[in-house]
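Chemist: build me a structure from this.
(one chain, ligands or ions: 1)
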Amino acid sequence: MSRLIVISNRVSAATGGAAGAQGGLSVALTSALRESGGLWFGWSGEVTDEFTGQISFNREDGVTTATVDLEEQDVEEYYNGYANRTLWPLFHYRVDLAEYERGFAEGYQRANERFAETVVPLIEPDDMVWVQDYHMIPLGQELRKRGCRNRIGFFLHTPWPPRRLLLTLPEATELVATLFAYDVIGFHTDEWLQSFVDFVVLESGGDYADGILRLEGRQIRLITCPIGIDSDEFATLAQGDQAQQIFREMRESANGRAMIVGVDRLDYSKGLEERFLGYERFLIENPKERKEVFLLQIAPPSRGTVESYQRIRSTLEGLSGRINGAHADLGWVPIRYVNQGYPRAVLAGVYRAARIALVTPIRDGMNLVAKEFVAAQDPDDPGVLILSRFAGAAQQLGEALLINPYSAEEMSDAIRTALAMPKDERIRRWRAMFDVICEQDVLWWRRRFTDALEQHEPA
Ligand code: GDG
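Modeler: Below you'll find the model as predicted:
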């Protein structure tokens, strides 16, 4: 294996003992970097008065991280601006929320040039470079401009939007053209990959066959590469002391009722508003069953400086308050809405204590919560996953109850079906999903991508 250089907006190497406290992504990338003696480069998360390109190196558990501070203006225009106010909503089909401003586009370009300038001296001739996500689309091209001839791959963690939506972005064609600098581009699903192909073929005149996109004298391999979780680690976590303790506490506080759980970053793409409305519909349509359940929604706030996130937060506060006001009684509150994050072991215990998980994004590149919920279940008495058709995860987890999150009726019906589902059916569905997430785990994802990059013969 060549040495691997991972480049992403934020860097979070998982350290040995604390690996369970980090996300699966950092665990997977850390293990790849450790095996290859590689390096992880990105933004430090810190702001400096003037950009200097000074790199801070750190070495943890066999992995070297290299980070750089950004100027306030870069953070505003590149991160809060183009990444989170332009591309994120657009890539999640929310053109209504996307903000198109030249200043954002310029800041995004500038920050990517600065990243490229800073990292290029660290790249050696035989290294493979793996760029992560929508923050860094032009990075490959900026590396090429600076003489980098290495294999460079790009992985998109979000959906790729349909061509007509992407065309609303003033610089769509130019942005897409920067992707031609990569050797391999990976997506979570065939659908996102195909949307990308549609755009390139129709707008840029490329030619696509057998996984190879040909244009401007280049050959780019496109792969579908669904990200997984560390399923063994998560299943083990769910049986550990802390998770078991939480499991008992949750079951006790449920007082015989079935818990429905949701765990999401507070983000409009996660379909939380639609979820609350679908759940309310269930309450209204099922007067007998309704007091037998409650919804625990954990939603730690994210990107709180962006206005659309402040708005979704206040919408959800209003909605949960209204639903609780209308339906609660002395001994029962229908929604427990919690705006904070918890350690992963606590989440694992909560998942295991739940009878149903509601994972209902309006669009999601993959969705790891769906997989974590499956991994955390008791094989002898598993809960039921209700999953949006519009999450990438639905392509792999076809044994979930798949719903359209925009339909409150489908959500309500699915909750009723899940509550009534016999144990043998729950076990059968869970087993099929568990097999998939064990086989296609996060190491599988990482190998699939790095193997494709290693084997690709640039034109
Ligand atoms: C992007 C794509 C894609 C949530 N609350 C807490 C907590 N979490 C953890 C979950 C899960 C992670 O955050 C969220 O992962 P998702 O996949 O659901 O979503 P995004 O953050 O939007 O991630 C997505 C992913 O990239 C990977 O490619 O699947 O589609 O949008 O791991 O458990 N973790 C802790 N406390 C919390 O309260 N510790």
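
Chemist: surely F196 meets W160?
Modeler: Yes. Between F196 and W160 there is a contact under C-beta atoms under 8 Å: 4.6 Å. Every C-beta, even on glycine, is put in place using the N, C-alpha and C of the backbone.

Chemist: who touches both of those two?
Modeler: Shared contacts of F196 and W160, defined by C-beta atoms under 8 Å, 6 or more residues apart in numbering, comprise F187.

Chemist: tell me which of those two has more neighbours.
Modeler: W160 (25 against 22; other C-beta atoms under 10 Å).

Chemist: list the contacts of the closest residue to the more buried one other than its chain neighbours.
Modeler: The shortest distance from W160 to any non-neighbouring residue, by C-beta to C-beta, 6 or more residues apart in numbering, is to W192 (4.1 Å). By C-beta under 8 Å, 6+ apart, the contact set of W192 is 156, 159-160, 365, 392.

Chemist: filter those residues to the buried ones?
Modeler: The neighbour-count test (16 or more other C-beta atoms under 10 Å) marks 156, 159-160, 365, 392 as buried among the contacts of W192.

Chemist: tell me the residue furthest from the middle of this protein?
Modeler: L330 (38.5 Å; C-alpha atoms, centre = their mean).

Chemist: tell me how far that one lies from L193.
Modeler: 53 Å (C-beta to C-beta, to the nearest Å).

Chemist: same check, this time on G398
Modeler: 19 Å.

Chemist: how about L70?
Modeler: 31 Å.

Chemist: quick one: end-to-end length of stretch 290-309, please.
Modeler: From its first residue to its last, stretch 290-309 covers 30 Å (C-alpha to C-alpha, to the nearest Å).

Chemist: ok, now stretch 298-313?
Modeler: 13 Å.

Chemist: touching the ligand at all, that stretch?
Modeler: Yes. Applying C-beta under 6 Å from any ligand atom, one finds stretch 298-313 touching the ligand at 298, 300.

Chemist: give the buried residues for that stretch.
Modeler: Under 16+ other C-beta under 10 Å, the buried positions of stretch 298-313 are 298-299, 303, 306, 308-309, 312-313.

Chemist: how far off centre is it?
Modeler: Chain-centre distance of stretch 298-313: 16 Å, with C-alpha atoms, centre = their mean, to the nearest Å.

Chemist: cool, and stretch 397-405?
Modeler: Averaged over its C-alpha atoms, stretch 397-405 has a centre that lies 18 Å from its chain's centre (C-alpha atoms, centre = their mean).

Chemist: again, but for stretch 222-233
Modeler: 11 Å.

Chemist: end to end, how far does it reach?
Modeler: Note: stretch 222-233 ends 30 Å apart using C-alpha to C-alpha.

Chemist: what is the rounded mean pLDDT of that stretch?
Modeler: Averaged across stretch 222-233, pLDDT comes to 94.

Chemist: in that stretch, what counts as buried?
Modeler: For stretch 222-233, a neighbour-count test (16+ other C-beta under 10 Å) marks 222-231, 233 as buried.

Chemist: near the ligand, from those residues?
Modeler: Okay, of those touching the ligand (C-beta under 6 Å from any ligand atom), that's I227.

Chemist: just give me the closest of the buried residues of stretch 222-233 to W88.
Modeler: Lowest distance from W88 to the buried residues of stretch 222-233 (C-beta to C-beta) belongs to I227, with 17.5 Å.

Chemist: quick one, what contacts the closest one?
Modeler: Neighbour list for I227: 24-25, 157, 188, 366, 368, 442, 445 [criterion: C-beta under 8 Å, 6+ apart].

Chemist: closest one to R344 out of the buried residues of stretch 298-313, please.
Modeler: Taking these together and measuring to R344 by C-beta to C-beta, the closest member is I298, at 12.1 Å.

Chemist: which strand residues bridge the closest one?
Modeler: V263, V338 (DSSP bridges).

Chemist: got a list of what it touches?
Modeler: 261-264, 338, 340-342, 347, 350.

Chemist: recalculate using a threshold of 7 Å.
Modeler: For I298, the contact set (C-beta atoms under 7 Å, 6 or more residues apart in numbering) comprises 262-263, 338, 342.

Chemist: and for the nearest residue to L193 once chain neighbours are set aside, the neighbour number?
Modeler: Nearest non-adjacent residue to L193, counting by C-beta to C-beta, 6+ apart: F187, 4.3 Å away. F187 has 26 neighbours, counted by other C-beta under 10 Å.

Chemist: tell me the buried residues in stretch 428-445?
Modeler: 429-430, 433-434, 436-438, 440-445.

Chemist: just stretch 319-331 next, same as before
Modeler: In stretch 319-331, counting by 16+ other C-beta under 10 Å, buried: 319-320, 323, 327.

Chemist: restricted to helices, list those residues.
Modeler: 319-320, 323, 327 (DSSP state H).

Chemist: what comes up buried for the least confident helix or strand in the chain by mean pLDDT?
Modeler: Among the helices and strands of the chain, helix 24-36 carries the lowest confidence by mean pLDDT, DSSP states H and E, at a mean of 76. For helix 24-36, burial by neighbour count (16+ other C-beta under 10 Å) applies to 24-34, 36.

Chemist: of those residues, list those near the ligand.
Modeler: L25.

Chemist: and which of the buried residues of helix 24-36 is nearest L139?
Modeler: L29 (16.2 Å).

Chemist: ok, the closest one touching V6?
Modeler: Yes. The pair L29 / V6 is scored as a contact, 5.3 Å apart, by C-beta atoms under 7 Å.
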